[in-house]
Structure formats: structure tokens, C-alpha cells
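Colleague: Fold the following.
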Amino acid sequence: MEKKKILAIADSIEHWLDNCTAESIDDFDASPDACALCRLYFPDDIYEDECRGCPIYAYTGRVRCGNSPYIAVSEIQKEIILQVTPNSSIQDLKTASFNETYFLVDVLKNTIHRTKGLPYDKFMAIADSIKHWVEIMDNSRTEDYRLINIGPKDCALCQLYHKNQCEPCPIFEYIGERGCCGTPFSEASHILAAWIHAELQIGVPEKHFIKEFQKQAKKETLFLLTIMREEIKKYISLQEKKKEVPRIKVGDFVRLKKEVDPPDEVVFGFPDEEPVDSIFKVLEVEPEFGHERIKVEANTVNSLGYVPQWRFKQDQFEIVDPTIRGGDYVRIKTEYRDKTPFIYPFELRRVRMVVDDRLWIKDICFSKEYLQKVREGE
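Modeller: Below is the predicted model:
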């Protein structure tokens, strides 16, 4: 759950970056409907559990963003709309919005710290890089290039990965290029160089370059938020893959994993072929020496005519979908030997088509219960 909170915080930061660059009060939106966190943690019934679970509440201990810069933002917005205070301007609102954005990055870092299992250094470096580029956006409003630092020494991610030629920096893993080539950082650095050159030549700030740099700085911040989201999604996916494999039950259809050797213990003699790639129905699940073993019926007949039964550990099998489709290979069940005079049991046969509950193999029609699926593919 903490990981999903990080995604919501990233969405909220992106929204406040739009407020930071709003040119008029009409472009500004500080309502709960525009906040990804409020949509998750601000219920319709505001009298019950409002804001419980929100990372801002966990950070401040107050509901409705109390003790946060959001309160100041709301006041300035009201003053501008109602024209109560003539001195309040859109620039004041931008300054308050930047303060709220800084605050949200701090909440992001606090949530990362509280989330167990995350690669702490990597995610904190991404968060620090996001905050650094928010500061660059804020400082660019002063039109003083000396307040803007975008070198590797100022980047938290570069401090971690630059000495290893950007490996395994999450930006390098995302774009496949070293030195942040192909990211908004490249364009921002070129524009900053042109801005500095023009100002040194004519002695005053060049407005065109400043505006273009501000656009690229915002793009780079949004790009870093995308990196944060991708890393969180990657981590969530990895954790889901590590979840315990579903336990096998009696009646499940299973396939022996290819990398596992056949067991030494076989009941009723040795089979004529390996059961790998075949599909079996589980007959028994029994405890043995502190762990569970499963018993399946093999799909082969030994020289005495018996159907062997195999015992395996739980993790030696994987559960498969027993649904039979056209093109699948099936084997006739033993108990229906007398009812299938033209197709002998235990021979692999390919299903020509499936119509409702009937299966056609060549010109003979069977019900699904007469057959068992033993292998997929050619």
C-alpha cells in the first residue's frame, strides 16, 4: 500500500508543478478533486476517517492538509479571487505553490523512508533529484543564471551512478543512454548555455532563453517523476512475482517442470516415457517428512499394463489450465478403452475442433470428460 501512495504523491507533485507555472488565476486549481491524494483519502462522508491513511496526514498529524503550505495557498487564492488584498498577485500564488511542491517532495521522501523493502538509496536519490529540479524551476524566476546548477555534482543520481558510467542509474535503464542524453536535461543544458552566452554578450537577461529554459526544467522534473513511477511499478511487479506459488490441491491439473528430474520413487513399476510436458490430475496431497508431496497418475503404461503413479514435492509441479481447445494434444482416458475402438488409449491425438461440450478427433466425436489433456503445442 505504501508503494501505491508514492505513485499518488508523484501525481500530486505533477499537478502542483502545473500550478507553479500557471499564468492566471483561471489556470490555477487547488481543489481536492484535482489532488490524487485527496481522491484516495478524502471520502465523501468527511466526518468519518477523513484523510486517514494519507501520507500528508502521516507527516503532519493534521487532517485537510493542516500544518502544510496548502493553507497559505488557499488564503492567497481567495484574496486574489475576492480582491480583498490588492497586493496579492499571481506571483505570490506561484511562490506559495512552489512551497507546497517542496513540501510534497518532503512527504515523498518520508513515505519512501517508511516503506519497507524499497532500495532506499535509489529512491531517495530520485526524490532528491526531483526536489533539485523544482528548485531550478523556482530559481529561474529570478532570471539569475548564477542560481542555477545542473552539473553532475548537483545531481543525487549522478553522485550514486556517474562513477560507474551511469550503470545502473534508473534513467540509463529507462532510456538506454548514458549522460542523460535524449532527456529534457540535454535541451535544458543547451538553452542554459545560450542564456549565459547571450547575457554575457549584451549584459541583460534574454527573456526568450529564460522562458525556454523554464519549459525544459519543468519537462525534466516531469521526466524524473516518470522515472519514480516506473521504478515503483517495477518494484511492485517484482514483489508480486515473489509471492508464494499457489498450493496444489487434489483435482488440480499440473505439469512437471522441465528443470526437475523424474523422481526415484515410482509405484507399480517404471513408466515407458518421461512425464515432463505432460499434464496430470492430482490424486493425493499428503504430508511427508515435514513437507507436502503430491501424487499424480502418469500417462504411460508399463510392460505389465499398469498405470504408474508418481510422487513429487509441491514445487516440482506448476498448475496449468485444463481447458481443452482446438489444436491441443489429448490422450484417451483408460476407462474408456472399450468405447473408443478406433483410437487406442495413451496415444497422443490432436483435437480438430471443439463445439460446445463435444471434441472432434479426426472423424470421431467425444465429450470432454472422455479425454484428458496431456500436452500443449505441436
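Colleague: can we go C-alpha only for contacts and neighbour counts from here?
Modeller: Will do.
Colleague: What segments of the stretch 151-300 of the chain are strands?
Modeller: Under the criterion DSSP state E, counting those that start in this stretch, the stretch 151-300 of the chain contains strands at 253-256, 266-267, 279-288, 291-297.
Colleague: And the pLDDT at the spatially most central residue of the chain?
Modeller: By CA atoms, centre = their mean, the chain has its centre lying nearest to Lys233, at 1.9 Å. pLDDT for Lys233: 89.
Colleague: Skipping adjacent residues, who's closest to Ser74 in space?
Modeller: Ala30 (7.4 Å; CA to CA, 6 or more residues apart in numbering).
Colleague: same deal with Tyr57?
Modeller: Val63 (5.8 Å).
Colleague: my read: that neighbour touches Glu50, true?
Modeller: Yes. Counting by CA atoms under 8 Å, Val63 touches Glu50, with 6.9 Å between them.
Colleague: Give me whichever of the strands of the stretch 151-300 of the chain is most buried.
Modeller: Between the strands of the stretch 151-300 of the chain, strand 253-256 has the highest mean count of neighbours, a mean of 22, where neighbours are mean count of other CA atoms under 10 Å.
Colleague: So which elements touch that one?
Modeller: On a contact count with 3 or more CA pairs under 8 Å, 6 or more residues apart in numbering; DSSP states H and E, strand 253-256 meets strand 279-288, strand 317-319.
Colleague: For Ile90, find the nearest of those.
Modeller: For Ile90, the closest of the helices and strands packed on strand 253-256 is strand 317-319, at 61.2 Å, according to CA to CA.
Colleague: what's the helix or strand following the closest one packed up against?
Modeller: Counting by DSSP states H and E, the next helix or strand C-terminal to strand 317-319 is strand 329-332. Using 3+ CA pairs under 8 Å, 6+ apart, the elements in contact with strand 329-332 are strand 348-350, strand 371-375.
Colleague: What strands line up against strand 329-332, and which way round?
Modeller: According to DSSP bridges, strand 329-332 forms sheet pairs with strand 348-350 (antiparallel), strand 371-375 (antiparallel).
Colleague: before we move on, the earlier item: and the helices and strands packed on strand 329-332, which one's lowest on average pLDDT?
Modeller: In terms of mean pLDDT, the lowest-scoring of those is strand 371-375 (a mean of 64).
Colleague: re the thing from before, show the model's pLDDT score for the residue nearest to Ser74.
Modeller: For Ala30, pLDDT reads 90.
Colleague: quick one: it and Ala58, what's the gap?
Modeller: Separation of Ala30 from Ala58 (CA to CA, to the nearest Å): 21 Å.
Colleague: now swap in Lys211 and tell me
Modeller: 37 Å.
Colleague: same thing with Ser97?
Modeller: Computed as CA to CA, the Ser97 to Ala58 distance reads 21 Å.
Colleague: now swap in Glu75 and tell me
Modeller: Glu75 is 23 Å from Ala58, by CA to CA.
Colleague: wait, isn't Val296 in contact with Glu284?
Modeller: Yes. Assessed by CA under 8 Å, Val296 is found in contact with Glu284 at 7.1 Å.
Colleague: And the helices in the stretch 151-300 of the chain?
Modeller: For the stretch 151-300 of the chain, helices defined by DSSP state H, counting those that start in this stretch occupy the ranges 156-161, 170-175, 184-202, 207-241.
Colleague: Including distance to Tyr102, could those helices go into TSV?
Modeller: Output for the helices of the stretch 151-300 of the chain, formatted as TSV (distance: least, CA to CA, whole Å):
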stretch	distance to Tyr102
helix 156-161	16
helix 170-175	22
helix 184-202	20
helix 207-241	12
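Colleague: Which among those helices is found nearest to Glu135?
Modeller: Proximity to Glu135 (CA to CA) singles out helix 207-241 among the helices of the stretch 151-300 of the chain, at 9.7 Å.
Colleague: Just the angle for the closest one relative to helix 184-202, thanks.
Modeller: Calculated by axes from the mean of the first three to the mean of the last three CA atoms, to 10 degrees, helix 207-241 forms an angle of 160 degrees with helix 184-202.
Colleague: For helix 207-241, buried residues please.
Modeller: Residues 209-210, 213-214, 216-229, 231-232, 235-236 are the ones in helix 207-241 that count as buried (16 or more other CA atoms under 10 Å).
Colleague: can you check stretch 172-190 too?
Modeller: So for stretch 172-190, counting by 16+ other CA under 10 Å, buried means Phe172, Cys180, Thr183, Pro184, Phe185, Glu187, Ala188, Ser189.
Colleague: Tell me the one of those nearest Pro152?
Modeller: Each of the buried residues of stretch 172-190 was scored against Pro152 by CA to CA, and Cys180 proved nearest at 10.4 Å.
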